[in-house]
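> can you look at this prediction? I've put the sequence above it.
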Amino acid sequence: MKTKIVNRRTLLHSAGLLAGGLLVGAGSAHGATRLSAPPARPATPDEAWATLKEGNRRWVADAAIHPHQDRARRDEVAEKQNPYAVVVSCIDSRVPPEIVFDAGIGDVFTVRSAAQTIDPLVSGAIEYGPVELATPLIVVMGHQRCGAVTAAAHALREGTTLPGDLQRIVEALRPAYDRAHGDVDKMIRINTVDTVAKLKADKLLAPRIARKQLKIVGSYYSLDTGQVTRLV
């Protein structure tokens, strides 16, 4: 009796496995989503925020597509960059903006400091995108259980001084501590909103906001869920 040779792909199609996406793209909705093309560069503040929100939705759903993270993108932006957002966030290792927003190379400027505090040097870094490249959005992102805020609250509560320049962080967070009555999570949110207010008053950024060329959003990242919610 002749041995019947069956084409593997034909067999898989007949079993509905390929059509169902069970073997293609790592066998899950997560893998299937990777095949999606990244969106075009957002041109307005609202489009930029919508793009970041959609990227965060994918991150929360474990359906990240990891856009703009290949050789082609590296070559594309090697000579020129045009990011659509500046994300101002904490240095915390659990809050990397490109991952949180499922973004890639050349998509966002990231400016990171302890508890997203700002000083003249940090402000200059934030100004660069809107002023030099017309980046339409700035997102200030605080996060749950921030270590810098927790340490500052403890130092202020106990009346202790942190070593070196760490005390500068404590002093920067003192206004939020006073208004939050020492509650760490409230401090995080108040400090984020305060940072947004400071940036909105920035002499280089304020005119762009008035012309509706720029928006500044305050947000909060949950370590538990991965979700970014808007505060202001």
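Perfect, I can see it now. Remember, it's a predicted structure, so these values are computed and weren't measured experimentally.
> wait, residue 97 sits on residue 109?
No. Residue 97 sits out of contact with residue 109 when judged by Cβ atoms under 8 Å, with a separation of 9.2 Å. No exception for glycine: its C-beta is placed from N, CA and C like everyone else's.
> so what's the nearest residue to residue 224 once chain neighbours are set aside scoring on pLDDT?
The spatial neighbour of residue 224 that comes closest, neighbours along the chain excluded (Cβ to Cβ, 6 or more residues apart in numbering), is residue 144 at 6.7 Å. Looking at residue 144, its pLDDT stands at 98.
> check residue 15 too.
39.
> quick check: neighbours shared by residue 97 and residue 109?
Residues touching both residue 97 and residue 109 (Cβ atoms under 8 Å, 6 or more residues apart in numbering) are residue 87.
> the two: which has the busier surroundings?
It is residue 97, of residue 97 and residue 109, that has more neighbours when counted by other Cβ atoms under 10 Å, with 24 against 21.
> residues in contact with the more buried one?
Contacts for residue 97 (Cβ under 8 Å, 6+ apart) come out as 87, 89, 103, 108, 110, 112, 141.
> with adjacent residues omitted, what lies nearest to the third one?
Distance criterion Cβ to Cβ, 6+ apart; nearest residue to residue 103, sequence neighbours excluded, is residue 55 at 5.7 Å.
> so what does the one you found look like in phi/psi?
Main-chain dihedrals, residue 55, degrees, to the nearest 10: phi -60, psi -40.
> circling back: how many neighbouring residues does the residue nearest to residue 224 have?
Neighbour tally, residue 144, other Cβ under 10 Å: 16.
> going forward, begin numbering at 461 instead of 1
Fine by me, first position is 461 from now on; the one you just mentioned is residue 604.
> flag the shaky bits of this protein, pLDDT-wise.
Within the chain, the segments meeting pLDDT under 70 span 461-499.
> residue 546 in helix, strand or coil?
Of the three states, residue 546 takes strand under DSSP: H, G, I helix; E, B strand; the rest coil.
> compute the distance between the residue nearest the centre of the chain and residue 670, please.
Nearest residue to the geometric centre of the chain (Cα atoms, centre = their mean): residue 557, 3.1 Å. Going from residue 557 to residue 670 by Cβ to Cβ, to the nearest Å gives 27 Å.
> show me what contacts the closest residue to residue 654 other than its chain neighbours?
Excluding the flanking residues, the one nearest residue 654 by Cβ to Cβ, 6+ apart is residue 636, at 6.4 Å. Applying Cβ under 8 Å, 6+ apart to residue 636 gives the contacts 609, 646-648, 650-651, 654.
> which residues does the residue nearest to residue 655 when sequence neighbours are not counted contact?
The shortest distance from residue 655 to any non-neighbouring residue, by Cβ to Cβ, 6+ apart, is to residue 600 (4.9 Å). Residue 600 makes contact with 548-549, 576, 652, 655-656, 659, 676-679 under the criterion Cβ under 8 Å, 6+ apart.
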